[in-house]
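Engineer: When you get a sec, could you give me coordinates for this:
(one chain, ligands or ions: 1)
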Amino acid sequence: MRDDVVEISYEEMDDLLKSLIVYEGTGALDQQCPMSDLGRVLSETPVVRWDMGVGLFSMADVVAAGNHPALVSTHPELGRTPGMGSREPLIPLHLDGDIHRKYRRLIDPIFAPRRVVAYEEGFRRLADETIDEFIADGRVEFYEHFAVPLPSKMFMQIFGAEEADREFFISCKNDILFTVGTTMEERDAVGVEVGDRMRARLQELIDKGRAGGGQGDDLIDTFLRWEVDGESLTDDDILNIMHLFVIAGLDTVTSSISLIVGWLAHNPEQRREVLKDPSMIPAVIEELLRFESPVPSGGPRWAIEDTEINGVPVKVGDMIYLCWASANLDPESFEDPQEVRFDREHNRHIAFAAGRHRCLGSHLARLELRVALEQWHSRVSDYWVDPEGNPEYVYNGVRGAEVMPLRFTTR
Ligand code: HEM
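Structural biologist: The predicted structure is shown next:
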């Protein structure tokens, strides 16, 4: 038994732990700068055992859990994971074992670095067009006019969906991820209804792809040609992949762009370095993904047998909470983790998770982020938070700067 496991009931938890582990809006977590709160939890309660299971906060424990064969990502009794707007397990996030490995082998190559590079030119055009819409104004609400539309335009392009679908998918994704309702069950029920509507439109796109012969380069046609164990994918399989892509691929990049530009807008010295030397952008992206952790924690995992994670005992049925954000601030893994340093060496952050369910869109995400930031910094000569505006940050399943009023000068 490890001597750093803190046993605590839900009632005894302080508001900070409640807001992290059970996503309760207690107001205890600093939404804009949660890093010192996360650092405190990591040093005071690196492992928490509470009524429902175990919460892990250090890099070593989170990585061990991400790779652990006895932890699965679908609720063993429900057979699905609540909160994603789906009645069925999504592929591949809610699969484990052999079947998960099979799907990853199929899907990973379409987002491999040498494949996604083909999108770069088109993405750059979309970024410029998006900037053209507001560049003459000298001010912009950056989240609404750049961080939200750009990744969805990029995504529609590779998806094979129509531009007219963009707003629809964005609103479905928002309604699923940010449903209102008091209990988890209420929120899940609303999310599933929205998910049904989204899937109906995705089914139409599959039907259209099939009617067109399914030979195109877009993702839907690619899925139509795929086989697992010699069998073509069913429409349900394709829907379960596409549903996850909409949920996983839009919000995350939007949030990352908003957090990175938000950080630079608040930090003039570092911003001017980047404006002077845009070749720093890839390092800026990695360091701010580490520091800001746009996806702060993993979906829950469940133990399917009594076992240990890095010496921490867990019981069958325990729910396991994994905090990527605190692991990214672990002093055992990063020198001066609370400092943002663009020349950091060995930045082995886990903003894209660790273990079997590590993000399969990370190369696409990095390309989208690089192109977005390169084009933004090539069009403006300086920018800063609008003194008349009020930036707003949120820390939910995904973290972001959801209101980011900027002023800027152009080149
Ligand atoms: C900066 C942007 C992104 C971040 C920070 C991010 C982060 C993550 C994280 C933390 C996970 C693990 C979730 C968990 O274990 O519960 C994940 C999984 C996943 N991500 Fe991303 N993601 C990003 C962009 C994307 C994009 C653009 C796609 C495109 C489709 C994508 C597709 C996926 C998929 C399919 C999974 C599930 C992988 C599996 O279960 O094997 N992500 N992502």
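Engineer: Spell out which residues sit in contact with the residue nearest to S362 when sequence neighbours are not counted, please.
Structural biologist: Nearest residue to S362, sequence neighbours excluded (Cβ to Cβ, 6 or more residues apart in numbering): F352, at 4.3 Å. Yep, even glycine has a C-beta here, placed from its N, CA and C like the rest. Neighbour list for F352: L289, R358, C359, S362, A365 [criterion: Cβ atoms under 8 Å, 6 or more residues apart in numbering].
Engineer: Give me the contact list for the helix or strand containing the first one.
Structural biologist: Looking back up the chat, that one is L289. Using DSSP states H and E, L289 sits within helix 281-292. Residues from elsewhere that reach helix 281-292 (Cβ under 8 Å, 6+ apart): 35, 256, 259-260, 263-264, 274, 328-329, 334, 340-344, 347, 349, 351-352, 366, 369-370, 373-374, 377, 399.
Engineer: what's near enough to touch the residue in the stretch 51-200 of the chain that the ligand sits nearest to?
Structural biologist: Going by Cβ to the nearest ligand atom, the ligand is nearest to L93 of the stretch 51-200 of the chain, at 3.7 Å. Residues near L93 by Cβ under 8 Å, 6+ apart: S73, T81, M84, L244, A248, G299, H357.
Engineer: coming back round to it: please save the CA atoms from the helix holding L289 in PDB.
Structural biologist: What follows is helix 281-292, C-alpha atoms only, in PDB (Å, rounded to 0.1, in the frame of the first residue of the first chain):
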ATOM      1  CA  ILE A 281       5.300  28.600 -33.100                       C
ATOM      2  CA  PRO A 282       5.600  24.800 -32.800                       C
ATOM      3  CA  ALA A 283       7.500  25.100 -29.500                       C
ATOM      4  CA  VAL A 284       4.900  27.700 -28.300                       C
ATOM      5  CA  ILE A 285       2.100  25.200 -29.100                       C
ATOM      6  CA  GLU A 286       3.800  22.400 -27.200                       C
ATOM      7  CA  GLU A 287       4.500  24.500 -24.100                       C
ATOM      8  CA  LEU A 288       1.100  26.000 -23.900                       C
ATOM      9  CA  LEU A 289      -0.600  22.700 -24.500                       C
ATOM     10  CA  ARG A 290       1.400  21.400 -21.500                       C
ATOM     11  CA  PHE A 291       0.700  24.500 -19.300                       C
ATOM     12  CA  GLU A 292      -2.900  25.100 -20.300                       C
END
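Engineer: mean confidence for that helix?
Structural biologist: Across helix 281-292, the average pLDDT comes to 98.
Engineer: for stretch 394-411, same thing?
Structural biologist: Mean predicted lDDT for stretch 394-411 stands at 94.
Engineer: Show me which residues of the stretch 251-400 of the chain are close to the ligand?
Structural biologist: Counting by Cβ under 6 Å from any ligand atom, the residues of the stretch 251-400 of the chain close to the ligand are 252-253, 256, 294-295, 298-299, 324, 351-353, 357, 359-361, 364-365.
Engineer: Count the residues that sit near the residue of the stretch 301-411 of the chain found nearest the ligand.
Structural biologist: Here the stretch 301-411 of the chain gets closest to the ligand at one residue, G361, 2.2 Å apart by Cβ to the nearest ligand atom. Counted with other Cβ atoms under 10 Å, residues neighbouring G361 total 21.
Engineer: Heading C-terminal from the lowest-mean-pLDDT helix or strand in the chain, find the next helix or strand.
Structural biologist: Every helix and strand of the chain was ranked by mean pLDDT, DSSP states H and E. The lowest is strand 227-228, at a mean of 87. As assigned by DSSP H and E, the chain's next helix or strand after strand 227-228 is strand 231-232.
Engineer: per-residue confidence averaged over that following strand?
Structural biologist: Rounded mean pLDDT across strand 231-232 is 90.
Engineer: elements contacting it?
Structural biologist: The contact analysis (3 or more Cβ pairs under 8 Å, 6 or more residues apart in numbering; DSSP states H and E) places strand 231-232 against no helix or strand.
Engineer: Tell me which strands it pairs with, and in which orientation.
Structural biologist: strand 227-228 (antiparallel) (DSSP bridges).
Engineer: Need the contact partners of the strand it pairs with.
Structural biologist: By Cβ under 8 Å, 6+ apart, strand 227-228 touches K102, Y103, L106, L233, D237.
Engineer: How about the residues of the stretch 1-150 of the chain by the ligand?
Structural biologist: P92, L93, R104.
Engineer: can you rerun that using 5 Å?
Structural biologist: P92, L93 (Cβ under 5 Å from any ligand atom).
Engineer: can you pull out the strands in the stretch 1-150 of the chain?
Structural biologist: 5-7, 47-50, 53-56, 71-72, 139-141 (DSSP state E, counting those that start in this stretch).
Engineer: and the next element down the chain from the helix ranked longest in the chain?
Structural biologist: Determined from DSSP state H, the single longest helix within the chain is helix 184-211. The first helix or strand that comes after helix 184-211 along the chain, using DSSP H and E, is helix 219-225.
Engineer: returning to that earlier point: where's the residue nearest to S362, which helix or strand?
Structural biologist: Using DSSP H and E, no helix or strand contains F352.
Engineer: how near is it to R358?
Structural biologist: 6 Å (Cβ to Cβ, to the nearest Å).
Engineer: do you know how far the residue lying closest to E141 once chain neighbours are set aside is from P34?
Structural biologist: Distances taken as Cβ to Cβ, 6+ apart put P405 closest to E141, at 5.3 Å, once the chain neighbours are dropped. Applying Cβ to Cβ, the value for P405 to P34 is 21 Å.
Engineer: who's more crowded, the two?
Structural biologist: P34 (23 against 19).
Engineer: Which phi and psi values does the more buried one adopt?
Structural biologist: phi -80, psi 0 (degrees, to the nearest 10).
Engineer: so who does it touch?
Structural biologist: P296, A325, Y395, R399.
Engineer: show me where the stretch 251-400 of the chain has helices.
Structural biologist: Assigned by DSSP state H, counting those that start in this stretch, the helices in the stretch 251-400 of the chain fall at 251-266, 268-276, 281-292, 324-327, 362-379.
Engineer: So which of these is nearest V148?
Structural biologist: helix 251-266 (5.3 Å; Cβ to Cβ).
Engineer: Counting by contacts, list what that closest one packs against.
Structural biologist: Judged by 3+ Cβ pairs under 8 Å, 6+ apart, the packing partners of helix 251-266 are helix 142, helix 149-159, helix 268-276, helix 281-292, helix 362-379, strand 380-385, strand 399-403.
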